[in-house]
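Undergrad: can you look at this prediction? I've put the sequence above it.
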Amino acid sequence: MNPSALEALIEALRCLPGIGPKSAQRIAYHLLQRDRKGAQRLGDSLLHALSSIRHCQRCNTFSENDICERCASPRRDQALLCIVETPVDMNMMEQTLAYQGLYYVLMGRISPLDGVGPRELGLEQLLARVLDGVVSEVILATNYTNEGEATAHYLTAMLRPKGINVTRIARGVPVGGELEYVDSGTLAQALRERKSFQG
């Protein structure tokens with residue numbers, strides 16, 4: 001027997017991160033009972049996004065064009081390529097206003113337990129991008145999780161033999177952080193990655 005329209009809606013909402021059965025039910029009832037126009041806008045926007053958004057051919061992020069605006073910009077430093085896991089990570093890097101190079105978005109990370117290996121990440125496209133003759137430095141900005149570290153190590157092993165300068169973003173005490181509130185692992189890493197102070 002096919003599920004009712006309401007059951008199907010609730011089940012569809014459960015695909016969102018952090019949304020369990022009760023939250024999905026509350027959202028479905030809210031949209032149907034209090035915000036049908038919002039529900040229509042949401043449905044229309046989702047359909048439009050699914051039909052018009054694809055991956056940028058250069059950096060792999062989401063784009064409505066074959067080449068995204070960032071990759072097409074002549075103001076970006078073409079020699080720097082920052083590798084991130086997701087478009088959200090790329091947006092966070094952009095918000096720092098400290099980086100003017102280009103990006104490559106993996107759309108994931110190596111995670112054998114989840115069945116994600118180098119092949120699933122499509123690293124052939126990344127390798128072709130890095131070896132375009134323009135990129136001189138690759139900055140690894142994967143997360144400092146086990147999977148992010150494994151991805152960074154794999155990428156380093158893949159790129160260094162090709163003569164590419166590979167660097168990794170630093171980690172340590174957050175700006176404005178007080179040492180008594182920083183976990184010991186982060187503090188130990190900050191100590192290992194210390195540099196000379198220009199006071």
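TA: Great, that's in hand. Treat the numbers as computed from the prediction; the structure is a model and nothing was measured.

Undergrad: now the longest strand seen in the chain: mean pLDDT?
TA: Assignment by DSSP state E gives strand 77-84 as the longest strand of the chain. Averaging pLDDT along strand 77-84 yields 96.

Undergrad: can you count the residues close to the nearest residue to Val173 once chain neighbours are set aside?
TA: What sits nearest to Val173 in space, not counting adjacent residues and going by CB to CB, 6 or more residues apart in numbering, is Ala190, at 4.7 Å. For the C-beta atoms, the positions are set from N, CA and C on the backbone; glycine is no exception. A count of nearby residues for Ala190, using other CB atoms under 10 Å, gives 17.

Undergrad: next: Glu120.
TA: Neighbour number of Glu120 under other CB under 10 Å is 13.

Undergrad: I'd guessed it sits against Leu106; true?
TA: No: with contact defined as CB atoms under 8 Å, Glu120 does not count as touching Leu106 (10.0 Å).

Undergrad: tell me if I'm right that Gln125 and Asn60 touch.
TA: Yes: the criterion here is CB under 8 Å, and Gln125 meets it with Asn60 at 6.8 Å.

Undergrad: more neighbours: those two, which one.
TA: Asn60 (24 against 15).

Undergrad: and the next helix or strand past the one helix or strand Leu159 maps to?
TA: According to DSSP states H and E, Leu159 maps onto helix 146-159. For helix 146-159, the following helix or strand on the C-terminal side (DSSP H and E) is strand 165-168.

Undergrad: and that following strand, which strands flank it?
TA: Paired strands of strand 165-168, with direction, are strand 137-140 (parallel) (DSSP bridges).

Undergrad: need the CA coordinates for the partner strand. PDB is fine.
TA: Provided in PDB are the C-alpha atoms of strand 137-140 (Å, rounded to 0.1, in the frame of the first residue of the first chain):
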ATOM      1  CA  GLU A 137      50.400  25.800  -4.200                       C
ATOM      2  CA  VAL A 138      47.600  23.600  -2.900                       C
ATOM      3  CA  ILE A 139      46.200  24.500   0.500                       C
ATOM      4  CA  LEU A 140      44.500  21.600   2.300                       C
END
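
Undergrad: buried stuff in that strand?
TA: Val138, Ile139, Leu140 (16 or more other CB atoms under 10 Å).
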